[in-house]
Structure formats: structure tokens, C-alpha cells
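J.: Give me coordinates for this.
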Amino acid sequence: ETIAGVSILCRVAKITAQYETPLIVPVRYPLVLAAGQEVVEQAYREAGRPDAYNKDSVRYVAGDQMAFAATVNGMLMRDRPAANIYMGAFFAESLVIAETGNAAGSIQIAGTARPEQLPFFFSFCDYTLMGEELYAASAYLSHEPLLLDGLKGQDLIKVLLVAIVLIGMILMM
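T.: The predicted model follows:
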């Protein structure tokens, strides 16, 4: 989920670089901080705007779940961003930050493969990617051959399994 989220971040960063729009990416884990900074810097270079890249746009906020949520909530209410994009693994903080983003009047897009968090995103976000949709969006936006081939392979296996079940049902009659 985290890798898919970072992949989507790359595409979002390219668009913000093209339109000279500020980008703020709060992260909870130091490893994601390093990956996020690298991806955003690369996106700005690819967009032809390396001078516009701000290393502080990707920020380590807090390692604790609720400290992260409280800090992000403060940012949402202070800055009142036009759009919030939540992608990756979320836990109890999903309810808190999605509700605050909604109260701030932001357009919100969320994506997670954690089924227990989806109701919170459905309630407060304008668009929600559920389960495999997160991985499909990541593959589609990144145009990575390995990710696209993996997605095609999964779809092929699903078709084969459905065909096997249908053939089994017909033979059982």
C-alpha cells in the first residue's frame, strides 16, 4: 500500500510542479520520508522545474498514530487546502483526518486496501479507491511495466478462476 501511495505521489508531484501549486506531504515513517522526498524531487526535475522543489514539502510529522493525526488536523484547519489525497495504509487516524479535511472544505481522494478503514473514507471523502483499485491506479499512473504486467497477470488469473468455477458448475449439473 505504501509503495502504491508513493507511486501515486510521483504523479501528483509532477502535476503540482507543472501548475506551480504548493505541495505538502506529511509522513509518519522515516523510511517513507526519504522515499517521498526522492520521488517528489524527481517529479519536479521531470516536469522541468527543479528550482521549484522544496525539500520541506515532504515532512516527517510524528511516529505515533494519534500524534500524526493531530498534527495533520492542525495543518488541514490552518492551511485549508483545496484538495487532500490520502493513499496507502491507514488505521484509526483515517476517521480523524478525513473528517477534519471534510470540515475544512477540501476535495478529498482516499485509497487504501484496509477494508476496516474504507467506511470512514466513504463517509468523508469525495472519491475512494478500495482494495485493488489503489494498486491499479498506482500501476496506471506510473506506467511501470512490472506493475502493469503484474496487474494483467492478476486479471488473467481471475478470469481463469471464474472460467474454472463456471465449468465446474456446468459439469455438476
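J.: Only C-alpha atoms from now on, for both contacts and neighbour counts.
T.: Will do.
J.: Let me see the contact set for the closest residue to Val27 other than its chain neighbours.
T.: Leaving aside its sequence neighbours, Val27 sits nearest to Tyr60 (C-alpha to C-alpha, 6 or more residues apart in numbering; 5.0 Å). Tyr60 makes contact with 26-30, 33 under the criterion C-alpha atoms under 8 Å, 6 or more residues apart in numbering.
J.: do that again at 6 Å, thanks
T.: When contacts are counted by C-alpha atoms under 6 Å, 6 or more residues apart in numbering, Tyr60 touches 26-28.
J.: Now rank those residues by neighbours and give me the top one.
T.: Within the contacts of Tyr60, Pro26 tops the neighbour count with 21 neighbours, counted by other C-alpha atoms under 10 Å.
J.: Doesn't it lie inside a helix?
T.: No - if the criterion is DSSP: H, G, I helix; E, B strand; the rest coil, then Pro26 is strand and not within a helix.
J.: Would you check how far apart it and Gly63 are?
T.: Counting by C-alpha to C-alpha, to the nearest Å, the separation of Pro26 from Gly63 is 11 Å.
J.: For Ala47, the count of nearby residues, please.
T.: By the criterion of other C-alpha under 10 Å, Ala47 has 16 neighbours.
J.: where do the strands sit along the chain?
T.: 25-27, 58-60, 83-87, 107-112, 127-130 (DSSP state E).
J.: Find the least confident helix or strand in this structure, judged by mean pLDDT.
T.: helix 132-142 (a mean of 90; mean pLDDT, DSSP states H and E).
J.: hmm, back to that, give me whichever of the strands of the chain is most buried.
T.: strand 107-112 (a mean of 22; mean count of other C-alpha atoms under 10 Å).
J.: separation between Gly36 and Gln154?
T.: Distance of Gly36 to Gln154, given as C-alpha to C-alpha: 27 Å.
J.: which one of those two has more residues nearby?
T.: Gly36 (25 against 12).
J.: What separation do you get for the more buried one and Ile3?
T.: Distance from Gly36 to Ile3, by C-alpha to C-alpha: 10 Å.
J.: Now do the helices in the protein.
T.: Remark: helices assigned in the chain by DSSP state H are 2-18, 30-46, 65-79, 93-103, 118-124, 132-142, 145-172.
J.: hey, least reliable of these by pLDDT?
T.: Lowest mean pLDDT within these: helix 132-142, at a mean of 90.
J.: which parts of it are buried?
T.: Judged by neighbour count using 16 or more other C-alpha atoms under 10 Å, the buried positions of helix 132-142 are 134-142.
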